[in-house]
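**Q** my questions are about this predicted structure, shown below with the sequence.
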Amino acid sequence: MAEIAPSARHDPEAAAATRRYFWNRFLVYAVLALFAVIYLAPLLVVVFNSLREQSDIARNGLISLPRSFRFDAWAQAWGTYCVSGTCEGMKRNFFNSLWMTIPATLISTLLGAMNGYVLSKWRFKGSEILFNLMLLGVFMPGQISLMPWAFLLGKLGLTNSTYGLVLIHVVQGVSFTTLFCRNFYVSIPDDLIKAARIDGAGFWRIFRKIILPLSPPILIVTVIWQFTGIWNEYLFGVVFTSGQQQPITAALVALTAGGTTARAYDVMSAAVLIGALPPLLIYLFGGKYFVRGLTQGAIK
Amino acid sequence: MSTRDLTVPVAAPATPWRQRLGTMVPILVLAPSLAASFIYVFVFTLWTLYLSLSSSSLMPTYGFVGLDNYASLWANRRWNIAYTNLFLFSGFYIVGSMAIGLLLAILIDQRVRGEAVWRTIFLYPLAVSFIVTGTVWSWLYNPVDGIQAFVRGLGWTDFSFALTANRNTAIYAVIITGIWQSSGFAMALFLAGLRSVDPDLVKAAQIDGASVSRTYRKVILPTIAPIFLAVAVIQIQFAIKTFDLVAALTRGGPGVSTTFPAIYVYDLMFQRGQIGEGAAAAMMMLAALAVVLMPYSLWIVWRRRAEGRNG
């Protein structure tokens, strides 16, 4: 820029180049802004509607600026709104999701870290084949496992329970977490492990003293990936739980399935946001790790 | 290579018994996950395969009926709609989100200010569940309260935008929402690819006098060709598994017009009590995934080997 600007006064060609540069920049930002509006609009619409009066929404439609700000809809959606007879709002389902997601995330991540450690630093004959076998779990469509799970959960007495969903998510998630951790641990130099072994450190000691301290980057990626994935999951939730046991995704579908009656968009908007908030917050605060998980999970 | 040596215990003074246990630890640690994955991948698949060959209706039964369920599946008009929708959706969804994703990635790659902000905006739909996205978009598509009402309110009173109200257009509502949700994902992968292109290559092209668009077309995009394939494969996977989005957005309707294979499986297994045929449909989903993923993973393996050979 600094070189172009002074010469522009004399040189018409350079002036044209400056102008072209300016229009290029303008175009770049204009297109980006257009898409930003398209991406943000639905979120803004829901946020606004959760703060508007239902009468205002009924009169002016969903897409309109709020004339008043009130949090009644949030309170109702959280604690008192009635869905098919019970008037407890989303509170219970929110906690169902939380008590499903937290244990499933922690257990699958811990297992993944240990598996990854074995598969990268304690390889044995056939371990690569076993690893590839576990990888197949990443691609399995949930539909294949529905009937077997139904049978197993029935046998274990875990039908319609959060524990059942935890079990499913751990089994399904462990192939992901193993993949993430194994690929990360492969890059830790083997010499480090060898030296520790010569010093007499064993399997667990090396894990605790060498591997775990190096692990935070990958563990954060894995936890974020698992948390958002499990929180957002719907198929198993809707198939294996009902009513008060449902995680929030399934409850949201039940809530918004309302028939022909006037729809309480204000409460439904607040409910949707309650369901979206935990992964959104994680995304906003751990965005870097979220994206890293995404690209790593994808490229493989 | 050196990892192989590690399996020979180095710490010497230990009883043979302890030593043997020591070498067993890694396998013991791996065993529970391995067993679970094995059951999940193989036993469950064979189980569902068997159900698909059985006369199961309301409850699983194990009377063998051969390929009857597959025959009645492929004769079913609704299944026909389901896989036609899948093809239509996959095509538009993949091309659409790749085109938008690439455009956004290239724009962001122009050393824009506030790159992190733009990226955050384009990627946030991916953090949110399909249930949330589908629900919100179903409201926006609603002709009485949503976009149509809004534009009419602005003064264009003939404006019509009621995709989800019509059997023939509802699938496009699913497509648009799918693209909205995942073009940010394509953007993230493309951007990572653009950043990995050797800067000297780009510089050389510029010194040769190539314009920006020519540099992209002839130099940069060809070098990230594998990313196009990766994005496409991942998105076909998403498409084949599409369930939540449709469940929240159209619930398969109007009528059965937006049925997808995954919706069909769910419906047959849990709403209509036709477990056998539902299992057959689930096997077809698995087959579709295999058709896409097997050649891709073979290609990846082949490429890695080729790279290994060439240095």
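**A** Received, thanks.
**Q** so what secondary structure elements neighbour the strand or helix carrying residue A:170?
**A** Assigned by DSSP states H and E, residue A:170 belongs to helix A:162-185. Using 3 or more Cβ pairs under 8 Å, 6 or more residues apart in numbering or on different chains; DSSP states H and E, the elements in contact with helix A:162-185 are helix A:91-121, helix A:127-139, helix A:142-156, helix A:216-232, helix A:235-240, helix A:287-299, helix B:16-38. (Each C-beta comes from the backbone N, C-alpha and C, glycine too.)
**Q** tell me which of those helices lies nearest to residue A:193.
**A** helix A:91-121 (5.3 Å; Cβ to Cβ).
**Q** any idea of the mean pLDDT for that closest one?
**A** Mean per-residue pLDDT for helix A:91-121: 94.
**Q** quick one, it and helix A:216-232 angle?
**A** 140 degrees (axes from the mean of the first three to the mean of the last three Cα atoms, to 10 degrees).
**Q** what's the following helix or strand after the helix holding residue A:170?
**A** Helix A:162-185 is succeeded, C-terminally, by helix A:190-198 (DSSP H and E).
**Q** avg pLDDT for that next one?
**A** Helix A:190-198 carries an average pLDDT of 88.
**Q** alpha carbons of the following helix or strand past it, as PDB, please.
**A** Downstream of helix A:190-198, the next assigned helix or strand under DSSP H and E is helix A:203-206. Written as PDB, here are the backbone C-alpha positions of helix A:203-206 (Å, rounded to 0.1, in the frame of the first residue of the first chain):
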ATOM      1  CA  PHE A 203       3.200 -48.800  32.200                       C
ATOM      2  CA  TRP A 204       1.100 -46.700  34.600                       C
ATOM      3  CA  ARG A 205       4.000 -44.600  35.800                       C
ATOM      4  CA  ILE A 206       4.900 -43.600  32.200                       C
END
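**Q** from the chain's centroid, how far away is helix A:203-206?
**A** With Cα atoms, centre = their mean, to the nearest Å as the basis, helix A:203-206 stands 32 Å off its chain's centre.
**Q** what packs against it?
**A** On a contact count with 3+ Cβ pairs under 8 Å, 6+ apart, helix A:203-206 meets helix A:190-198, helix B:16-38.
**Q** can you redo the ones you listed as a markdown table with distance to residue B:68 and mean neighbour count?
**A** Shown next, in a markdown table, are those (distance: least, Cβ to Cβ, whole Å; neighbours: other Cβ atoms under 10 Å in any protein chain shown):
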| stretch | distance to residue B:68 | mean neighbour count |
| --- | --- | --- |
| helix A:190-198 | 55 | 15 |
| helix B:16-38 | 30 | 15 |
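**Q** just put those in TSV and tack on distance to residue B:183.
**A** TSV is the format used below for the helices and strands packed on helix A:203-206 (distance: least, Cβ to Cβ, whole Å):
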stretch	distance to residue B:183
helix A:190-198	41
helix B:16-38	33
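**Q** ok, of those helices, where does mean pLDDT dip lowest?
**A** Of all the helices and strands packed on helix A:203-206, the segment with the smallest mean pLDDT is helix B:16-38, scoring a mean of 82.
**Q** just to revisit the earlier point, save the helices and strands packed on helix A:162-185 as JSON lines, and put in distance to residue B:262 too.
**A** Output for these, formatted as JSON lines (distance: least, Cβ to Cβ, whole Å):
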{"stretch": "helix A:91-121", "distance to residue B:262": "21"}
{"stretch": "helix A:127-139", "distance to residue B:262": "14"}
{"stretch": "helix A:142-156", "distance to residue B:262": "6"}
{"stretch": "helix A:216-232", "distance to residue B:262": "16"}
{"stretch": "helix A:235-240", "distance to residue B:262": "8"}
{"stretch": "helix A:287-299", "distance to residue B:262": "20"}
{"stretch": "helix B:16-38", "distance to residue B:262": "22"}
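**Q** tell me which of those approaches residue B:62 most closely.
**A** Ranking the helices and strands packed on helix A:162-185 by proximity to residue B:62 (Cβ to Cβ) places helix A:142-156 first, at 12.0 Å.
**Q** name the nearest residue to residue 242, sequence neighbours excluded.
**A** Just going to use chain A. Distances taken as Cβ to Cβ, 6 or more residues apart in numbering or on different chains put residue A:160 closest to residue A:242, at 6.0 Å, once the chain neighbours are dropped.
**Q** actually it's chain B I care about, not the one you picked
**A** Nearest-residue entry for residue B:242: residue B:260, 5.1 Å, with adjacent residues in sequence omitted and distances by Cβ to Cβ, 6+ apart.
**Q** got a list of what that neighbour touches?
**A** B:82, B:85-86, B:89, B:242-243, B:246, B:252 (Cβ atoms under 8 Å, 6 or more residues apart in numbering or on different chains).
**Q** so which of the helices and strands packed on helix A:203-206 is nearest residue A:32?
**A** Nearest of the helices and strands packed on helix A:203-206 to residue A:32, taken as Cβ to Cβ: helix B:16-38 at 42.7 Å.
**Q** next secondary structure after that closest one?
**A** Sequence order places helix B:44-52 as the next helix or strand after helix B:16-38, per DSSP H and E.
**Q** tell me how far the helix or strand residue B:298 falls within lies from the chain's centre.
**A** Using DSSP H and E, residue B:298 sits within helix B:275-309. Centroid separation between helix B:275-309 and its chain, computed with Cα atoms, centre = their mean, is 13 Å.
**Q** who are the packing partners of that helix?
**A** helix A:142-156, helix B:44-52, helix B:68-75, helix B:77-108, helix B:225-241, helix B:261-266.
**Q** average pLDDT across the first one?
**A** So that's helix A:142-156. The average pLDDT for helix A:142-156 rounds to 92.
**Q** can you check the third one too?
**A** For helix B:68-75, the per-residue pLDDT values average out at 90.
**Q** center of the chain, which residue is that?
**A** Since you didn't name a chain, this refers to chain A. residue A:228 (2.3 Å; Cα atoms, centre = their mean).
**Q** hm, I was asking about chain B
**A** Note: chain B centre (Cα atoms, centre = their mean) maps to residue B:238, 2.0 Å.
**Q** from residue B:210, how far out is that one?
**A** Relative to residue B:210, residue B:238 is positioned 36 Å away (Cβ to Cβ, to the nearest Å).
**Q** now for residue A:163, how many residues are close by?
**A** If you count neighbours by other Cβ atoms under 10 Å in any protein chain shown, residue A:163 ends up with 15.
**Q** who's in contact with it?
**A** Residue A:163 touches nothing, counting by Cβ under 8 Å, 6+ apart.
**Q** distance check, it against residue A:146.
**A** Going from residue A:163 to residue A:146 by Cβ to Cβ gives 18 Å.
**Q** could you pull out the buried residues of stretch A:94-106?
**A** Judged by neighbour count using 16 or more other Cβ atoms under 10 Å in any protein chain shown, the buried positions of stretch A:94-106 are A:94, A:96-97, A:100-101, A:103-105.
**Q** show me what that stretch is in contact with.
**A** A:78, A:162, A:165-166, A:169-170, A:173, A:223, A:226-227, A:230-231, A:241, A:245-249, A:274-275, A:278.
**Q** and what of stretch B:271-279?
**A** Here stretch B:271-279 has contacts from A:147, B:48-49, B:51-60, B:65, B:68-69, B:72-73, B:76, B:264-269, using Cβ under 8 Å, 6+ apart.
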